[in-house]
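In: quick check, what structure comes out for this input:
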Amino acid sequence: MSTVLAVDTPDGPGELVIAEAASPLAGLILGHGAGGSEDAWDLALLARGLPALGIRVARYRQPWLVAGRKVAGPPASLDRCWLPAVAFVRGLWPGVPLFVGGRSAGARCACRCFSAGDAGLVLLSFPLHPPGKPEKSRVSELAGAGGPALVLQGASDPFGSPSDVARALADAGYAGERIVPVPGATHSLAPAKSLPATRVAEREQLLIASVLTFMADALDPVPSSE
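Out: Here you go, the predicted model:
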């Protein structure tokens with residue numbers, strides 16, 4: 001069962017949809033995309049599956065969505081409304097390591113606002129560039145975050161394939177990412193209605209297991225052999 005909490009921001013109220021965990025090991029706050037909501041398939045999946053595994057999940061509705069508008073504001077407005085939500089969650093879950101992230105525009109926002117107090121980034125469908133315009137790269141947002149990052153990217157994402165993201169990050173000199181291709185997926189990551197139930201279950205397990213493993217590794221890194 002989820003709880004909805006209001007968050008005051010400079011652009012009006014946002015909302016957090018909270019899924020609690022009985023014995024929390026970490027927390028995760030996720031932002032939604034520019035054309036969707038917190039009910040996107042992947043965000044809803046993580047909110048449904050991670051709490052039973054010890055991860056608290058907060059999905060954040062940006063104020064423009066709460067107000068009923070259809071289009072997101074510019075990046076600066078998303079950032080200034082994201083920061084109060086992160087601060088709110090920190091106060092709600094004191095002493096619990098907090099991971100930040102989101103899908104698409106929400107992933108970009110989490111990267112731009114990443115701080116030293118954040119445990120890591122969980123990025124779903126990072127939009128490396130607009131479709132068909134690879135020259136307009138946003139790799140600097142991800143590389144500039146500087147923290148450990150998990151990128152779950154659809155194998156057929158027109159905003160950048162997993163190999164495109166890996167190549168761009170390597171060129172930028174960033175080595176803190178873990179890129180997990182999602183076979184058969186596009187930018188939404190949601191399975192097609194024609195996909196067999198066994199394949200849907202495999203995709204669900206891939207996302208949940210990847211996030212859980214990444215968090216465990218980020219919180220207890222293996223010492224370097226050098």
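In: strands of this structure, residue ranges please.
Out: Along the chain, counting by DSSP state E, strands occupy 3-7, 14-19, 26-31, 55-61, 98-103, 120-124, 149-154, 177-182.
In: can I get the second one as PDB, trimmed to CA atoms?
Out: Provided in PDB are the C-alpha atoms of strand 14-19 (Å, rounded to 0.1, in the frame of the first residue of the first chain):
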ATOM      1  CA  GLY A  14       4.800  18.200  -5.700                       C
ATOM      2  CA  GLU A  15       3.800  14.700  -4.400                       C
ATOM      3  CA  LEU A  16       5.700  11.700  -3.200                       C
ATOM      4  CA  VAL A  17       4.200   8.300  -3.600                       C
ATOM      5  CA  ILE A  18       5.800   6.200  -0.800                       C
ATOM      6  CA  ALA A  19       6.200   2.400  -0.800                       C
END
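In: now the angle from it to strand 26-31?
Out: Interaxial angle of strand 14-19 relative to strand 26-31 (axes from the mean of the first three to the mean of the last three CA atoms, to 10 degrees): 140 degrees.
In: average pLDDT for strand 14-19, rounded please.
Out: For strand 14-19, mean pLDDT is 98.
In: what does that strand rub up against?
Out: 2-7, 29, 38, 47-48, 50-51, 56-63, 66, 81, 84-85, 88-89, 92 (CB atoms under 8 Å, 6 or more residues apart in numbering). For glycine as for every other residue, the C-beta is placed from the backbone atoms N, C-alpha and C.
In: for the nearest residue to A168 once chain neighbours are set aside, what are its contacts?
Out: In this structure, A168 finds its nearest non-sequential neighbour in V139, 4.1 Å apart by CB to CB, 6 or more residues apart in numbering. V139 is in contact with 128, 165, 168-169, 171-172, counting by CB under 8 Å, 6+ apart.
In: adding neighbour count, distance to P196 and pLDDT, write those residues out as TSV.
Out: Below are the contacts of V139 laid out as TSV (neighbours: other CB atoms under 10 Å; distance: CB to CB, whole Å; pLDDT from 0 to 100):
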residue	neighbour count	distance to P196	pLDDT
L128	25	30	98
V165	24	28	97
A168	21	33	96
L169	21	33	95
D171	11	38	94
A172	14	38	93
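In: was I right about E20 contacting G54?
Out: No. Judged on CB atoms under 8 Å, E20 makes no contact with G54 at a distance of 10.9 Å.
In: quick one: buried ones out of the contacts of strand 14-19?
Out: The neighbour-count test (16 or more other CB atoms under 10 Å) marks 7, 29, 38, 47, 50-51, 56-63, 66, 81, 84-85, 88-89, 92 as buried among the contacts of strand 14-19.
In: in the longest helix belonging to the chain, what's buried?
Out: Counting by DSSP state H, the longest helix found in the chain is helix 197-219. By neighbour count on 16+ other CB under 10 Å, the buried set for helix 197-219 is 203-204, 206-208, 210-212, 214-215, 218.
In: just the residues contacting that helix, thanks.
Out: Applying CB under 8 Å, 6+ apart, the contact partners of helix 197-219 are 25-26, 28, 42, 45-46, 49-50, 53, 55, 97, 99, 119-120, 122, 148, 150, 152, 178, 180, 182-185, 189, 191, 195.
In: so what pLDDT did V222 get?
Out: 58.
In: check the gap between A87 and V7 for me.
Out: Distance of A87 to V7, given as CB to CB, to the nearest Å: 9 Å.
In: ditto for L150
Out: 25 Å.
In: re the thing from before, out of the buried residues of helix 197-219, show me where the pLDDT dips lowest.
Out: Across those, the smallest pLDDT goes to A218, namely 94.
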